[in-house]
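S.K.: Fold the following.
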Amino acid sequence: MPSIRLPDGSLRAFDKPATVAEVAASIGAGLARAALAGRVDGKLVDTSFIIDHDVDLAVVTDKDAEGVDILRHSTAHLLAHAVKELFPDAQVTIGPVIEDGFYYDFSYKRPFTPEDLAEIEKRMVDIARRDIKVERQVWEREKAVDFFRTQGEEYKAQIIGAIPG
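M.R.: Below is the predicted model of the structure:
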C-alpha cells in the first residue's frame with residue numbers, strides 16, 4: 001500500500017489507497033481545511049485524487065502560488081454560478097485566471113449595472129455559505145460540447161470545441 005513522502009522528507013504509510021484530502025487530514029485538521037490540491041510526483045491534482053502507490057506529495061494551500069491560482073479559478077466559477085442564478089439568460093463565455101486575479105466575460109442583453117454587481121457579490125457569498133460540494137469531472141469533448149449546448153451555453157460549447165487535441 002502507499003508510502004507517501006512529504007516535502008520535509010518524512011514518510012506516511014497507509015494500509016489502503018488514500019486521497020490527497022485524507023493524507024492532509026492525517027497530518028492535521030488545519031492542513032485538511034487549508035488543502036486546495038496536491039502535487040503528486042510533480043503533477044498538480046485535486047484533493048479527491050486517489051494515491052494508490054508510493055509517491056512524493058506536497059499539499060497545496062493558499063500559501064502556494066498554485067493555490068492562489070486555484071482560488072481565483074474557483075472564484076471565477078462562483079461568479080459565473082451567481083450570475084446564472086440572478087440572470088438565467090446570461091451566457092458565460094470565458095473566465096481565465098490572470099496575474100492579478102481573474103475576469104469573466106458574459107453575454108447579456110445589457111451591461112451589468114453597479115447595482116447588479118452588488119447583487120452578484122451578495123449571491124456569491126450566499127452560494128459560498130451553502131457549502132456546495134465541488135466535484136471534478138472529466139468528459140469526452142463531444143459530451144462536454146453537447147452538455148453546454150443543451151444548457152444554451154453556445155459560447156462554452158464553441159470554446160470547448162475549439163480546444164486542440
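
S.K.: quick check: longest strand of the protein.
M.R.: Assignment by DSSP state E gives strand 55-60 as the longest strand of the chain.

S.K.: buried residues in that one?
M.R.: By neighbour count on 16 or more other C-beta atoms under 10 Å, the buried set for strand 55-60 is 55, 57-60. Heads up, the C-betas are built off the backbone N, CA and C, glycines and all.

S.K.: Which single one of the residues you listed is nearest to Ala37?
M.R.: Nearest to Ala37 among the buried residues of strand 55-60 is Val60, at 4.1 Å by C-beta to C-beta.

S.K.: can you list the domain ranges for this structure.
M.R.: The record's domain split for the chain, according to automatic domain parsing, is 3-60, 66-134.

S.K.: for those domains, which one sits closest to Glu140?
M.R.: Closest to Glu140 of those is domain 3-60 (C-beta to C-beta; 19.2 Å).

S.K.: Off-centre distance for that closest one?
M.R.: Remark: domain 3-60 is offset 18 Å from the chain centroid, using C-alpha atoms, centre = their mean, to the nearest Å.

S.K.: Likewise for stretch 122-135?
M.R.: Using C-alpha atoms, centre = their mean, the mean C-alpha position of stretch 122-135 is found 13 Å from that of the whole chain.

S.K.: Going by neighbour count, which residues in that stretch are buried?
M.R.: Residues 123-124, 127 are the ones in stretch 122-135 that count as buried (16+ other C-beta under 10 Å).
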